[in-house]
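Undergrad: dropping the sequence and predicted coords here.
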Amino acid sequence: MTMTDPIADMLTRLRNASAAKHETVDMPYSKFKANIAQILKREGFIADYRAKEARVGQDLEITLKYGPDGRQSIQGIKRVSKPGLRRYAKSDSLPMPLGGLGIAIISTSSGLMTQKECLDRGIGGEIVAYVW
């Protein structure tokens, strides 16, 4: 069966695994998903990620991060630009989720970046997701 929106599937798996207090979550691998995981790790939302061999192709294994009291690092995650309705932002009107406490993942011509990196470089792009 073909998946219409693999990025939304990734975000849903992260949201559900975090809510269920799982240690890791597996999903089909793609470079785009690995780049999202890299941003989430750099920003402190996940502990680690790695590509591992699966029966067919590769899987992306993400190790979730929790606080000392067992609280999730990912409080919320939302897909913004969807296959049926793409959302773009110019460099002067980039979103600031939760007033700058969260991050927006932006797909630019220079690769995936957060809204803060886009502001520094003065570029816009497609808004992939919000994470807080």
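TA: That came through fine. What you see is a predicted model; the values in this text were computed from it and never measured.
Undergrad: how near is residue 97 to residue 123?
TA: Applying C-beta to C-beta, to the nearest Å, the value for residue 97 to residue 123 is 18 Å. For every residue, glycine as well, the C-beta is placed using N, CA and C.
Undergrad: mind pulling up the pLDDT for residue 102?
TA: You'll see residue 102 listed with a pLDDT of 96.
Undergrad: show me what contacts it?
TA: Counting by C-beta atoms under 8 Å, 6 or more residues apart in numbering, residue 102 makes contact with 76, 130, 131, 132.
Undergrad: ok, now residue 50?
TA: Residues in contact with residue 50 (C-beta under 8 Å, 6+ apart) are 60, 61.
Undergrad: which is the next helix or strand following whichever strand or helix holds it?
TA: Following DSSP states H and E, the helix or strand that holds residue 50 is strand 46-53. Using DSSP H and E, the helix or strand that follows strand 46-53 in sequence is strand 58-64.
Undergrad: which parts of that following strand are buried?
TA: Neighbour counts over strand 58-64 (16 or more other C-beta atoms under 10 Å) mark 60, 61, 62, 64 as buried.
Undergrad: parallel or antiparallel, list what pairs with the helix or strand immediately after that strand in the chain.
TA: Downstream of strand 58-64, the first helix or strand assigned by DSSP H and E is strand 77-79. Paired strands of strand 77-79, with direction, are strand 125-131 (antiparallel) (DSSP bridges).
Undergrad: my guess is residue 104 meets residue 129, correct?
TA: Yes - at 7.4 Å, residue 104 counts as touching residue 129 under the criterion of C-beta atoms under 8 Å.
Undergrad: list residues touching both of those two?
TA: Common contacts of residue 104 and residue 129 (C-beta under 8 Å, 6+ apart): residue 80.
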